[in-house]
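1. Dropping a prediction and its sequence here:
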Amino acid sequence: MTLSAVTAGDFDVAAPLVLLHGFGGGAFVWREVMAGLPEDYPVIAYDLPGHGLSLHAEGIGGAGRMAKAIIADLESRGIRQFHLAGHSLGGAASAILALKSPERVQSVTLFAPGGFGPSINHRALAHYAFADTVEELRRAVEVMMGFNANIPDAMVADMLAARGDPAAREALARIFEAMFVVSSSGERLQGTLPMEGLAVLSMPQVVVWGEEDCILPLSQSEGLPANIVVHRIPKAGHMLVDECPEWVIELLRSAIMRSR
């Protein structure tokens, strides 16, 4: 099965913006962001493998496998140049894509990306991954957002609907296990990206972190290579696309307008 994606805009105008959501999400998380981008600008918002309408697609697993599936799908669509933006797991996949195919990527914008350090709140992610009622999912999401963030009912409903199929829960469990490595002392950690590789990439790179992120520590946005621009958002947690879409829109508009 091929990957599913929501597309918008005119693909004759410019290199498209490719949007990759986080663990347990779907293309639906980008709806408000897409509505705030230039009307004609081409956008591809994917359902990552094991999510949404890509539930049975190839590439279920960690960020590396997902990046491979994305690049294969872009090739099948005849897209050679593109901008990348990804959140969390999708951020890690975006970084891997930029490392593997730098000649294709015109810019990369990463929102609370995975892979920038070993620490990760695996317990909170487990609660999120295996929640199967509105109440359980809302409690899990509360931990993932800023301390005073509003959690819309529609957001929780969309997340719950995305895992309604038992096969979706099985896929989330597979992806959850693939996200971690176990240290010699038994700690669950995340694999890390090669910072030395990111340091030599020539395309614009932006990393965005919420100062109240309880999933991936804010410290992972520190000491990055000099060619990476870092933004830290006060009063925001891990779910940046949902919590502060206006920031996300502004940063993405800046990224794509530089090339127009």
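-> That came through, no problem.

2. Show the subsequent helix or strand relative to the strand or helix carrying Glu170.
-> Assessed by DSSP states H and E, Glu170 sits inside helix 166-178. Later in the chain than helix 166-178, the nearest helix or strand by DSSP H and E is strand 180-182.

3. now what about that following strand, what contacts it?
-> Ile120, His122, Arg188, Leu189, Gln190, Gly191 (Cβ atoms under 8 Å, 6 or more residues apart in numbering). Bear in mind the C-beta positions are built from the backbone N, C-alpha and C, glycine included.

4. can you check stretch 57-68 too?
-> Applying Cβ under 8 Å, 6+ apart, the external contacts of stretch 57-68 come out as 1-4, 20, 48-50, 69-70, 72, 89-90, 92-94, 96-97, 100, 114-115, 171, 174-175, 178-179, 191.

5. swap in stretch 169-177?
-> 23-24, 50-51, 55, 60-62, 89, 125-126, 129-130, 132, 163.

6. Give the buried residues for that stretch.
-> Ala171, Leu172, Ile175, Phe176 (16 or more other Cβ atoms under 10 Å).

7. tell me the mean pLDDT over it?
-> The predicted model assigns stretch 169-177 a mean pLDDT of 95.

8. Val229 in helix, strand or coil?
-> The three-state assignment at Val229 reads strand, by DSSP: H, G, I helix; E, B strand; the rest coil.

9. how far away is Leu137 from Val33?
-> 22 Å (Cβ to Cβ, to the nearest Å).

10. burial count for Tyr41?
-> 22 (other Cβ atoms under 10 Å).

11. burial of Leu251, as a residue count?
-> By other Cβ under 10 Å, 18 other residues sit near Leu251.

12. same thing with His122?
-> His122: 17 neighbours (other Cβ under 10 Å).

13. Run through the chain and note the low-pLDDT ranges.
-> For the chain, the stretches flagged by pLDDT under 70 are 1, 259-260.

14. Now do the strands in the stretch 151-260 of the chain.
-> Secondary structure of the stretch 151-260 of the chain, counting by DSSP state E, counting those that start in this stretch: strands at 180-182, 188-190, 205-210, 228-233.

15. Thr109: which of these is closest?
-> strand 205-210 (4.6 Å; Cβ to Cβ).

16. Alpha carbons only: can I get the closest one in PDB?
-> This file holds the C-alpha atoms of strand 205-210, laid out as PDB (Å, rounded to 0.1, in the frame of the first residue of the first chain):
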ATOM      1  CA  GLN A 205      17.800  24.600   9.200                       C
ATOM      2  CA  VAL A 206      15.500  25.800  12.000                       C
ATOM      3  CA  VAL A 207      14.700  24.000  15.300                       C
ATOM      4  CA  VAL A 208      11.800  25.000  17.500                       C
ATOM      5  CA  TRP A 209      11.200  23.900  21.100                       C
ATOM      6  CA  GLY A 210       8.600  24.700  23.700                       C
END
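
17. Now do it: which elements does it pack against?
-> Contacts defined by 3 or more Cβ pairs under 8 Å, 6 or more residues apart in numbering; DSSP states H and E place strand 205-210 against strand 105-111, strand 228-233, helix 240-243, helix 245-257.

18. What strands line up against that strand, and which way round?
-> Paired strands of strand 205-210, with direction, are strand 105-111 (parallel), strand 228-233 (parallel) (DSSP bridges).

19. what's the angle from that strand to helix 245-257?
-> With axes from the mean of the first three to the mean of the last three Cα atoms, to 10 degrees applied, the angle from strand 205-210 to helix 245-257 works out at 180 degrees.

20. How about residues contacting strand 205-210?
-> Counting by Cβ under 8 Å, 6+ apart, 98, 107-113, 116, 146, 198, 216, 218, 220-221, 224, 227-233, 235-238, 240, 243-244, 247-248, 251, 255 sit against strand 205-210.
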